[in-house]
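Student: what's the 3D shape of this:
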Amino acid sequence: MQSIYHIRIKEEYAAAIIEDLKKKDGVEFLPADEAFDVPQWQKDEVLKRKKYYKEHPEELISWEESEKVLNPG
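Tutor: As a prediction, this is how the structure comes out:
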C-alpha cells in the first residue's frame, strides 16, 4: 500500500533533509494542482449533500451529538 504525504517545510534546515530524500528517491515532488486533486464524484456528492441539508436542516446534528456517536463511552 502506498502512502501519500504532503510536507510543508517550516525551517530552512529541513530543506537539506528533503533534498537528501529526493536524491535517494525517497520523496516525489508534485505540482500544487496535483497534490490536492479532489475527484469530481466527491465534489458532486458534497454539493448534493449541501443542497439536501439546506432543504432539511432538521436532519443536522450538533458537533457535540456527533462526537457522542463517534466516541461512545
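Student: quick one: low-confidence parts of the chain?
Tutor: 1-7, 9-10, 32-37 (pLDDT under 70).
Student: residues in contact with the helix ranked longest in it?
Tutor: If you go by DSSP state H, the chain has its longest helix at helix 40-55. Contact with helix 40-55 is made by 59-60, as judged by Cβ atoms under 8 Å, 6 or more residues apart in numbering. Quick note: C-beta positions are derived from backbone N, CA and C, even for glycine.
Student: helix or strand right after it?
Tutor: The first helix or strand that comes after helix 40-55 along the chain, using DSSP states H and E, is helix 63-70.
Student: what does that following helix contact?
Tutor: With Cβ under 8 Å, 6+ apart, helix 63-70 has contacts from residue 61.
Student: 6 Å - rerun?
Tutor: Helix 63-70 has contacts (Cβ atoms under 6 Å, 6 or more residues apart in numbering) with no other residue.
Student: C-alpha coordinates for that helix, CSV please?
Tutor: Written as CSV, here are the backbone C-alpha positions of helix 63-70 (Å, rounded to 0.1, in the frame of the first residue of the first chain):
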residue,chain,number,x,y,z
TRP,A,63,-21.0,18.8,16.9
GLU,A,64,-21.5,17.6,20.5
GLU,A,65,-24.0,15.0,19.3
SER,A,66,-21.7,13.8,16.5
GLU,A,67,-18.9,13.4,19.0
LYS,A,68,-21.1,11.1,21.1
VAL,A,69,-21.8,9.0,18.1
LEU,A,70,-18.2,8.8,17.0
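Student: what separates it from the chain centre, distance-wise?
Tutor: Mean-position distance between helix 63-70 and its chain equals 21 Å (Cα atoms, centre = their mean, to the nearest Å).
Student: thanks again, I'm all set now.
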